[in-house]
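J.: Provide a 3D model corresponding to the input given below.
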Amino acid sequence: MKRCLIPGMILGCLMLAWAPVSWGQKGAQRPLPFNPEAVETVEGVVVDAPTIQPGGIPAMERLTLKTPLEKLTVVLGPNWFLAQQHWQITTLDRIEVTGSRFDLDGKPALIAQKVKKGDQVFELRDSSGKPRWAASRPRNQ
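T.: Sure, this is the predicted structure:
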């Protein structure tokens, strides 16, 4: 009986430990609820920006934007795609984000379709919300 109990307990603990972490990670792969009928544009100051490094573990990047009305999370795209676009947005930058609003863990968030900083525009999704990186994903990822 002990032979089955110990491996079963270890397996159960591993499964419990892995599940919440995988859903909470920036890189967790779950469909984002982009609604093309509910696109809005907000302006604000970046209070938390990702550091984009080429290579590494693929992860979905986010930033935190402080607007005059609220603080919201902006879901951008995978780090490898942002690195290809030569992403250059840092903390304290003033930006404009167009995207679809949704609720992320009980807090306001926006799935970015387009991010504008001065004359620089990063197109992340088309008008229907389809990711621009869908056709350009690296083969090794």
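
J.: what about stretch 64-78, how long is it end to end?
T.: From its first residue to its last, stretch 64-78 covers 16 Å (Cα to Cα, to the nearest Å).

J.: And for stretch 72-86?
T.: Note: stretch 72-86 ends 23 Å apart using Cα to Cα.

J.: And for stretch 120-128?
T.: By Cα to Cα, one end of stretch 120-128 lies 22 Å from the other end.

J.: Secondary structure element holding the closest residue to residue 102 other than its chain neighbours?
T.: Among residues not flanking residue 102 along the chain, residue 33 sits closest, at 4.9 Å (Cβ to Cβ, 6 or more residues apart in numbering). All C-beta spots, glycine's among them, are computed from the backbone N, C-alpha and C. Using DSSP states H and E, residue 33 sits in no helix or strand.

J.: after the helix or strand of the chain with the lowest mean pLDDT comes which helix or strand?
T.: Within the chain, no helix or strand scores below helix 2-24, which has a mean of 45 by mean pLDDT, DSSP states H and E. The helix or strand immediately downstream of helix 2-24 is strand 39-48, counting by DSSP H and E.
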